[in-house]
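Peer 1: Okay, predicted coordinates and the sequence, questions at the end:
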Amino acid sequence: MKAMQVKQVGGPEAMEFVDVPTPQPKANEAVVKLAASGVNFIDVYIREGRYQALTPFILGQEGAGTTVAVGAEVKSVKPGDRVAWTGILGSYAEYAAVPADRLVPVPAGVTDQQAAAAVLQGMTAHYLSHDTYPLKKGETALIHAAAGGVGLLLTQMADDIGARVIATVSTAEKAQLAGDAGADEVILYTQSDFEAETKKLTGGKGVDVVYDSVGKTTFEKGLNLLRPRGMMVLFGASSGAVPPVDLIVLSQRGSLYVTRPTLGNYIATGDELVARSGAVFDMITSGKLKLRIEHRYPLGEAQRAHRDLEGRRTTGKLLLIP
Ligand code: NDP
């Protein structure tokens with residue numbers, strides 16, 4: 001089969017389009033023929049070696065497609081079942097072997113491409129807004145990179161809850177998308193100081209929560225924008241890692257909370273995985289959650305997809321089609 005393999009970590013060119021043996025299922029696994037693989041910023045961190053994986057590896061950790069074979073112990077899925085998954089490396093490929101207990105069924109009203117576009121970023125937006133800091137109607141959230149993959153979904157969920165969303169983005173086109181997704185105010189953080197703007201917008205009161213996936217360039221100012229006892233949810237580092245912080249700062253700025261969550265801990269059990277993916281799929285079928293699949297790249301063009309993502313040229317979701 002064809003796959004995008006990394007033999008040595010590095011830039012986008014570290015991904016090579018190669019022929020490798022099609023995987024066979026171990027006793028607890030199912031082999032899935034991929035209809036689409038999701039591209040995520042975490043793939044960049046892994047490709048670069050910021051998050052470690054044993055080389056050589058096939059990149060990608062989100063996909064959807066049809067089960068073609070199952071191992072001897074697998075009872076939960078059978079050949080022909082449409083499934084999706086996240087968190088297992090190896091989805092930039094035509095086939096992937098996935099532990100059966102990490103697969104979720106894709107309901108009839110959701111296409112394979114929608115499933116591949118929603119499991120990682122959709123479940124992330126869901127746990128951030130419903131569990132990490134369960135947003136309430138009338139509260140105010142600052143969401144950075146709101147026109148990105150997670151950003152557009154998180155903005156829609158926060159808006160649906162009835163929260164006021166102050167969004168940041170880098171361009172006017174992205175501002176339009178964030179507004180359409182439900183942001184009440186959008187700040188071009190590349191052109192104006194989002195700290196001063198947000199203070200103005202909240203009458204100096206600050207926001208209840210900051211959802212920050214940008215990291216290095218936004219974290220510190222975000223802390224200045226929280227109301228006393230507000231929460232900083234740092235969930236990514238698209239601009240680079242946040243330097244170490246002296247915890248006394250949290251006291252000085254108003255008894256703040258900081259968390260650095262990751263999806264894996266919010267779908268750790270089978271029950272939670274099924275419930276959370278089901279909640280996201282329900283939002284899609286009911287029309288509450290709109291997916292923006294901006295680009296579909298042939299699998300062999302994963303390098304281009306990464307260059308676009310890292311170059312801030314994308315909005316919404318990117319898919320690789322084998
Ligand atoms: P996005 O589609 O959001 O792409 C990243 C966006 O970050 C860009 O479009 C850009 O938006 C913004 N950005 C700001 N500064 C930079 C920079 N210097 N270089 C590149 N981008 C920059 O990606 P994803 O939706 O895949 O992921 C978003 C973030 O969420 C990532 O940091 C990812 O690691 C994290 N994440 C964390 C999870 C978790 O559980 N902790 C799970 C899923 C994602 P703009 O041009 O508007 O500034």
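Peer 2: On my side now, so go ahead. Nothing here was measured: the structure is a model prediction, and the numbers come from that model.
Peer 1: Give the burial count for whichever residue of the stretch 201-322 of the chain sits closest to the ligand, as a bare number.
Peer 2: Nearest to the ligand in the stretch 201-322 of the chain, going by Cβ to the nearest ligand atom, is Gly236, at a distance of 2.2 Å. In this view, the C-beta of every residue, glycine as well, is placed from N, C-alpha and C. By the measure other Cβ atoms under 10 Å, the count of residues near Gly236 is 20.
Peer 1: With Asp271 instead?
Peer 2: 9.
Peer 1: How about the contacts made by Phe107?
Peer 2: Let me fix one detail, which is that residue 107 is Pro and not Phe. Pro107 is in contact with Phe281, Thr285, counting by Cβ atoms under 8 Å, 6 or more residues apart in numbering.
Peer 1: Can you report phi and psi for the residue nearest the centre of the chain?
Peer 2: In the chain, the residue lying closest to the centroid (Cα atoms, centre = their mean) is Gln121, at 3.1 Å. Per-residue torsions, Gln121: phi -70, psi -40 (degrees, to the nearest 10).
Peer 1: So for the residue of the stretch 51-200 of the chain found nearest the ligand, what's the pLDDT?
Peer 2: Nearest residue of the stretch 51-200 of the chain to the ligand: Gly148, at 2.1 Å (Cβ to the nearest ligand atom). pLDDT, Gly148: 98.
Peer 1: burial measure for it, as a count.
Peer 2: Gly148, neighbours per other Cβ under 10 Å, totals 29.
Peer 1: ok, Glu139 to Gly203 distance?
Peer 2: In this structure, Glu139 and Gly203 are 15 Å apart, going by Cβ to Cβ, to the nearest Å.
Peer 1: swap in Lys216?
Peer 2: Counting by Cβ to Cβ - Lys216 and Gly203 are separated by 28 Å.
Peer 1: who's more crowded, the two?
Peer 2: More crowded of Lys216 and Gly203, by other Cβ under 10 Å: Lys216, with 13 against 7.
Peer 1: what sits against the residue nearest to that one when sequence neighbours are not counted?
Peer 2: Once flanking residues are discounted, Lys216 sits nearest to Gly240: 3.6 Å by Cβ to Cβ, 6 or more residues apart in numbering. By Cβ under 8 Å, 6+ apart, the contact list for Gly240 reads Gly215, Lys216, Thr217.
Peer 1: and Gly240, that one's in a strand?
Peer 2: No: read with DSSP: H, G, I helix; E, B strand; the rest coil, Gly240 is coil and lies in no strand.
Peer 1: coming back round to it: got the phi and psi for the residue of the stretch 201-322 of the chain closest to the ligand?
Peer 2: According to degrees, to the nearest 10, Gly236 has phi -170, psi 180.
Peer 1: Quick check: it touching Ser213?
Peer 2: Yes: at 3.2 Å, Gly236 counts as touching Ser213 under the criterion of Cβ atoms under 8 Å.
Peer 1: Show me whatever sits in contact with both of the two.
Peer 2: Counting by Cβ under 8 Å, 6+ apart, the residues touching both Gly236 and Ser213 are Phe41, Val150.
Peer 1: Now the helix or strand hosting Gly222: average pLDDT?
Peer 2: Take DSSP states H and E as the rule and Gly222 turns out to sit in helix 219-224. Averaged across helix 219-224, pLDDT comes to 98.
Peer 1: How about residues contacting it?
Peer 2: 142, 144, 193-195, 210, 212, 232, 234, 242, 245, 249-250, 253, 256, 258.
Peer 1: Tell me the buried residues within these.
Peer 2: Taking 16 or more other Cβ atoms under 10 Å as the criterion, what is buried in those is 142, 144, 194-195, 210, 212, 232, 234, 242, 250, 253, 256, 258.
Peer 1: And these, which two are furthest apart?
Peer 2: Farthest-apart pair in the buried ones among the contacts of helix 219-224 is Phe194 and Leu250; separation 20.4 Å (Cβ to Cβ).
Peer 1: near the ligand, which residues of the stretch 201-322 of the chain?
Peer 2: The stretch 201-322 of the chain has residues 213-214, 217, 235-239, 261-263, 309-310, 312, 314 near the ligand, with proximity defined as Cβ under 6 Å from any ligand atom.
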